[in-house]
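Asks: Predicted coordinates and the sequence they were generated for:
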Amino acid sequence: MAGASTSESIIESAAGRGPGGRRGTLAAAVVLIVAAVVGIVVWRSRGAEQPGAPASSPEPRASELYAADGTTLIARFDTTRPRESCLRVPVNDWGYFCDYFITWWQAQPTFGADAAQRLDRLRHGGYRIDGSLDPRLQAGAKLRVDALLPVTDPKVFSLAAIEPGTGLVRTMAVNRNFRRPPPPASPAGQDQPEWRPAGPDLMDPLVSGDADMPGTAAGAPFMMFTLAAALDSGLTLDHAIDTKRVYQSNYRIAPQSPAACNGGHWCPANTGDPAYLSGRRTMWDAFGHSVVTYFVALQERIGADKAIAMAKRLGIVFRSKEDQMLSEPAAHASWGAFTLGVSATTALDLANAYATLAADGTRCDPLPVARLADGAGRPVAGVGPHCESVLRPEVARAAIDAGRCPLGDRSAFGDRCGAGSVATTVVRDTVGRPVAGQFGLTGNRGTFSLVVAAPQLATAGMVASAPMVGGGSVQLDAGLTAGAIGVIAGVERDGLAPLPVREFTAPPRELAIAP
């Protein structure tokens, strides 16, 4: 062999006559061994490049989910059922984020043809997943939520924060333990309500929702979708309506309903600040004071279908069968109460919808993953962010301008929000920077919601009372709603604290003031 002849030549040359011959022989042997090893490495490297060469497959290993800091391990998916891994997270309240991550993973075609194949890849693919969860913000949010309503309270307080322009989910907190609840004492349907949040231990998606847990009514934050649809249809922020305390709408309801008048017309009424029960209103002060009869009349003018479509565009998902039916073309024209926020929603959806407006009309799918690498350390493409422009930037900016009124902020066009104050006027001072949003308290005082959005973060929280056996719900008192406002505003402030202050971009004057 040519290789052998060459080697022998090297040895003979190095073993030449003279006192250094033995030392030369040893050196030559070392050179030969090194050369042989290098040759093997080169051969293997070249062989791997040849077409058809077998590729070495790594040993199957579990994927790992880390927090956004890249060092805090949330879960290692080494169980037969990945959701079991979420029950073993080092900090219990991370379980809801972990569970949401698995739901998201199962929906990604990048990881397989169906949910079962995708979960198998999660268990055996060895992915390194840097999640979007901010552990510092999550710890503070959980402390605040539990301080107001401990895990033993029958009322549920859920909270989510999301990043505009990316959809990254920064926190998901709820006053519950992520644990399996004990089995009910009696079969469901007898004395167990359909929505059962009373126990301290639950694994249901209370923050993000699903078909079985679609959420609850948000109230006035849904007025924003009517407002944005009206702006998108060509109306301006100073669009005036002479409101009355009770408005006879063209929507029809059962004549025997307490909200009916004149033979089956739906006749909603204003509540709250006596100064805003009637009078000439614009989008600014009507939104700032949640003037019901203004927004019902505004929705009639543009059509409920446009308000519903706007909600979908901005990120609201209709999960309950009833809401899905009412949002379809066959029924949406008659869904008059939609603008009052009667449909079921979640804190994550509310945060995402207002984040879309804060991002100048760019909606991003909620995303629990900041970085993702496969078992070989290579970045995985196609998992997000998934964003699209769903609303003209100038319209989104006009909607945000009105949204500054309920939170104690100020329109870019001066004093447009109207006199007086509302419960959430303190939010601007609490957060300490420009904010927009809205709060809601449903008519039966069974649900409270608040969403606070800045250009870099949108935070939403919802407090819902547990349904009572036989119907009805526990009413939320004023002290509780004030406490919830402080919690949600405080989380928004904490999330923005490391970031530079950013102003909202003012909308063009032609969308604010009619010529």
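Replies: Received it, and whenever you're ready, just let me know what you need. Numbering: from 1, shown residues only.

Asks: okay, CA-based contacts and neighbour counts for the rest of this
Replies: Fine.

Asks: The closest residue to residue 167 other than its chain neighbours: neighbouring residues, count only.
Replies: Once flanking residues are discounted, residue 167 sits nearest to residue 366: 4.5 Å by CA to CA, 6 or more residues apart in numbering. Residue 366 has 24 neighbours, counted by other CA atoms under 10 Å.

Asks: how much space between residue 291 and residue 370?
Replies: 40 Å (CA to CA, to the nearest Å).

Asks: out of those two, which sits in the busier spot?
Replies: Per other CA under 10 Å, whichever of residue 291 and residue 370 has more neighbours is residue 291, with 28 against 22.

Asks: residues contacting the nearest residue to the more buried one once chain neighbours are set aside?
Replies: Once flanking residues are discounted, residue 291 sits nearest to residue 270: 6.1 Å by CA to CA, 6+ apart. If you count contacts by CA atoms under 8 Å, 6 or more residues apart in numbering, residue 270 has them with 244, 245, 246, 276, 277, 278, 291, 292, 293.

Asks: Make sure the last one is actually in contact with residue 266.
Replies: No - checked against CA atoms under 8 Å, the pair residue 293 and residue 266 is beyond contact range at 11.2 Å.

Asks: Neighbour count: those two, which is higher?
Replies: residue 293 (27 against 24).

Asks: The more buried one belongs to a helix, doesn't it?
Replies: Yes - membership of residue 293 in a helix is supported by DSSP: H, G, I helix; E, B strand; the rest coil.

Asks: Now for residue 398, how many residues are close by?
Replies: Neighbours of residue 398 (other CA under 10 Å): 29.

Asks: If you could redo that for residue 112, that was the one I meant.
Replies: 15.

Asks: now do the one 5 residues further on
Replies: Residues contacting residue 117 under the criterion other CA under 10 Å number 14.

Asks: Repeat that for residue 501.
Replies: Applying other CA under 10 Å, I find that residue 501 has 13 neighbouring residues.

Asks: Just confirm it contacts residue 431, I think it does.
Replies: No - at 10.8 Å, residue 501 and residue 431 do not qualify as touching, with contact defined as CA under 8 Å.

Asks: Same question for stretch 62-73: list its buried residues.
Replies: By neighbour count with 16 or more other CA atoms under 10 Å, stretch 62-73 contains the buried residues 62, 63, 64, 65, 66, 67, 68, 73.

Asks: cool, and stretch 376-392?
Replies: For stretch 376-392, by 16+ other CA under 10 Å, it's 380, 383, 384, 385, 390, 391.

Asks: Quick check: the gap between the third one and residue 433.
Replies: Taking CA to CA as the criterion, residue 384 is separated from residue 433 by 29 Å.

Asks: do the last one as well
Replies: For residue 391, the distance to residue 433 under the criterion CA to CA works out to 25 Å.

Asks: again with the fourth one
Replies: The gap separating residue 385 from residue 433 is 27 Å, by CA to CA.

Asks: At which residues are the helices of the stretch 101-250 of the chain located?
Replies: Applying DSSP state H, counting those that start in this stretch to the stretch 101-250 of the chain gives helices spanning 115-124, 135-148, 223-232.

Asks: What is the second one packed up against?
Replies: Counting contacts by 3 or more CA pairs under 8 Å, 6 or more residues apart in numbering; DSSP states H and E, the secondary-structure elements packed against helix 135-148 are strand 156-162, strand 169-174, helix 478-496.

Asks: Find the helix or strand that the residue lying closest to residue 357 once chain neighbours are set aside is a member of.
Replies: Spatial nearest neighbour of residue 357, chain neighbours left out: residue 396 (5.0 Å); criterion: CA to CA, 6+ apart. In this structure, residue 396 sits in helix 393-403 according to DSSP states H and E.

Asks: and that helix, what's its mean pLDDT?
Replies: Here helix 393-403 scores 98 as its mean pLDDT.

Asks: now swap in stretch 302-315 and tell me
Replies: The model assigns stretch 302-315 a mean pLDDT of 97.

Asks: quick one: buried residues of it?
Replies: Those would be 302-315, for stretch 302-315 by 16+ other CA under 10 Å.

Asks: Chain neighbours aside, what residue packs nearest to residue 337?
Replies: Per CA to CA, 6+ apart, closest to residue 337 is residue 296, 7.7 Å.

Asks: three-state assignment of the one you found?
Replies: Residue 296 is classified as helix under three-state DSSP.

Asks: do you know how far it is from residue 399?
Replies: 17 Å.

Asks: which one of the two has more residues nearby?
Replies: residue 399 (33 against 26).

Asks: if I look at the closest residue to that one other than its chain neighbours, how far off is residue 113?
Replies: Sequence neighbours aside, residue 228 is the residue nearest to residue 399 in space, at 5.7 Å (criterion: CA to CA, 6+ apart). Distance, residue 228 to residue 113, by CA to CA: 38 Å.

Asks: In terms of neighbours, single out the busier of these two.
Replies: Shown here are residue 228 and residue 113; by other CA under 10 Å, residue 228 has more neighbours (26 against 12).

Asks: in stretch 94-113, what counts as buried?
Replies: 94-103, 105-106, 111.

Asks: Correction: the previous question concerned stretch 263-278.
Replies: So stretch 263-278, judged by 16+ other CA under 10 Å, has buried residues 264, 265, 266, 267, 268, 269, 270, 271, 276, 277, 278.

Asks: Could you dump those into CSV and include pLDDT?
Replies: Formatted as CSV, those follow (pLDDT from 0 to 100):
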residue, pLDDT
264, 93
265, 96
266, 96
267, 97
268, 96
269, 96
270, 96
271, 92
276, 97
277, 97
278, 97
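
Asks: residues near the closest residue to residue 204 other than its chain neighbours, how many?
Replies: Take residue 204 and drop its neighbours on the chain: the residue closest to it by CA to CA, 6+ apart is residue 213, 7.1 Å away. Applying other CA under 10 Å, we find 20 residues neighbouring residue 213.
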